[in-house]
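*Asks:* Predicted coordinates and the sequence they were generated for:
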Amino acid sequence: MTILITGARGTIARSLIRQLVAAGHEVRAATRSPAPLAGLAHLPSGVDVTRVDFSAPATFASVLDGVRAVFLYAERDGLGEFLRHARTAGVEHAVLLSAASADASSADPLASMHGKAEEEVAASDLAWTFLRPGGFATNTLQWAGTIRSHGTVRDPFPDARSAPVHEADIASVALHALTGPGHRGAVHLLTGPEVLTRRRQAELIGEVVGRTVAFEIQDLDEHRRDLARWGPPEIAEALVRNAAEAVHAPVPVSPAVEQITGHPARTFATWATDHAADFAG
């Protein structure tokens, strides 16, 4: 059985591909533009790397040939058409990387996007599994530049709280969902094992790289400009609103990673150690 991993340049997809290959599974890695291979060069040998563009249905047939299960991101456009082709091609199971906030009726554009993707997958006649991670530990990579250059983090919300989850844990749950029994029709909420403020996350990164990391309170308008790379203004506003709410909102810690994989969820300190080279100046 070939397992198709879309979004192969992403950190979760890359970790999932490595874990699947290590477990002996046949993997096809798909990305919108597989060449040049930047971001794909470190994939295990023998992985079939190919192109899929959800806005270009002509790319679907070859990428779906022989595939029985697929790992998907919540694409804004073209997901429904891809799923229809997948069903016709004989795909049986889709594992969707969604979000803890997923809600198709939400005014929050991120929650709405993920909720609508879930609705499309559920309506596709494929068996499905939804992975709903909370905050990604990899979100802190946006601090890497200022930590390397100045030993600082600039952010308006030092006390915003989350339970950041390691990409390798999300990938490990995805592996079990794609290859094991008992996950079809399941929704898995995924978090790290501890609730941390952004200030504490910065401190832990400093401990790993061996330098003090100062936390500077960033001007909110400047922060909005920094967030512009994530998408249109409404996305930036949603991120600001969610961060402000996370200062006081309770953060549930989910046991799902350990229950599904059999190992405790990795701590943020472990994640920082794994990514120390990104922050070392």
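*Replies:* That came in fine, so what should we check first?

*Asks:* May I see the domains of this structure written out as residue ranges?
*Replies:* Per the record, the chain has its domains at 2-133, 137-162+193-251+267-279, by automatic domain parsing.

*Asks:* how long is the longest one from one end to the other?
*Replies:* Right, the one you point to is domain 2-133. End-to-end distance for domain 2-133: 25 Å, by Cα to Cα, to the nearest Å.

*Asks:* Start the count at 50 instead of 1 going forward.
*Replies:* Sure, I'll start counting at 50 from here, so that last one is domain 51-182.

*Asks:* The stretch 100-249 of the chain: strands as residue ranges?
*Replies:* Taking DSSP state E, counting those that start in this stretch as the test, the strands found in the stretch 100-249 of the chain are 116-122, 142-146, 176-182, 201-204, 210-211, 235-239, 245-246.

*Asks:* Can you tell me which of those is most buried?
*Replies:* Sort those by mean neighbour count, taking mean count of other Cβ atoms under 10 Å, and strand 142-146 sits at the top with a mean of 25. For every residue, glycine as well, the C-beta is placed using N, CA and C.

*Asks:* Go ahead and measure how far that strand is from the middle of the chain.
*Replies:* Strand 142-146 sits 13 Å away from the centroid of its parent chain (Cα atoms, centre = their mean, to the nearest Å).

*Asks:* That one pairs with which strands?
*Replies:* strand 116-122 (parallel), strand 176-182 (parallel) (DSSP bridges).

*Asks:* who's in contact with Glu283?
*Replies:* Applying Cβ atoms under 8 Å, 6 or more residues apart in numbering to Glu283 gives the contacts Pro158.

*Asks:* 10 Å instead, please
*Replies:* Contacts of Glu283 were listed using Cβ atoms under 10 Å, 6 or more residues apart in numbering, and they are 156-159.

*Asks:* Select from these the one having the most neighbours.
*Replies:* With neighbours taken as other Cβ atoms under 10 Å, the top of the contacts of Glu283 is Leu159, carrying 20 neighbours.

*Asks:* so which strand or helix has the residue nearest to that one when sequence neighbours are not counted?
*Replies:* Distance criterion Cβ to Cβ, 6 or more residues apart in numbering; nearest residue to Leu159, sequence neighbours excluded, is Ala287 at 5.2 Å. Under the criterion of DSSP states H and E, Ala287 resides in helix 282-294.

*Asks:* for that helix, which positions count as buried?
*Replies:* 284-285, 287-289, 291-292 (16 or more other Cβ atoms under 10 Å).

*Asks:* Pick out whichever of the residues you listed sits closest to Arg203.
*Replies:* Using Cβ to Cβ, Ala292 comes nearest to Arg203 of those, at 13.5 Å.

*Asks:* Could I get the contacting residues of the closest one?
*Replies:* By Cβ under 10 Å, 6+ apart, the contact list for Ala292 reads 184, 204-206, 208-211, 247, 272, 276.

*Asks:* Tabulate these (JSON lines), appending pLDDT and distance to Arg67.
*Replies:* Conversion of those to JSON lines gives the following (pLDDT from 0 to 100; distance: Cβ to Cβ, whole Å):
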{"residue": "Gly184", "pLDDT": "93", "distance to Arg67": "23"}
{"residue": "Asp204", "pLDDT": "96", "distance to Arg67": "31"}
{"residue": "Pro205", "pLDDT": "97", "distance to Arg67": "36"}
{"residue": "Phe206", "pLDDT": "97", "distance to Arg67": "33"}
{"residue": "Asp208", "pLDDT": "97", "distance to Arg67": "35"}
{"residue": "Ala209", "pLDDT": "97", "distance to Arg67": "31"}
{"residue": "Arg210", "pLDDT": "97", "distance to Arg67": "31"}
{"residue": "Ser211", "pLDDT": "97", "distance to Arg67": "25"}
{"residue": "Arg247", "pLDDT": "98", "distance to Arg67": "29"}
{"residue": "His272", "pLDDT": "93", "distance to Arg67": "34"}
{"residue": "Leu276", "pLDDT": "87", "distance to Arg67": "30"}
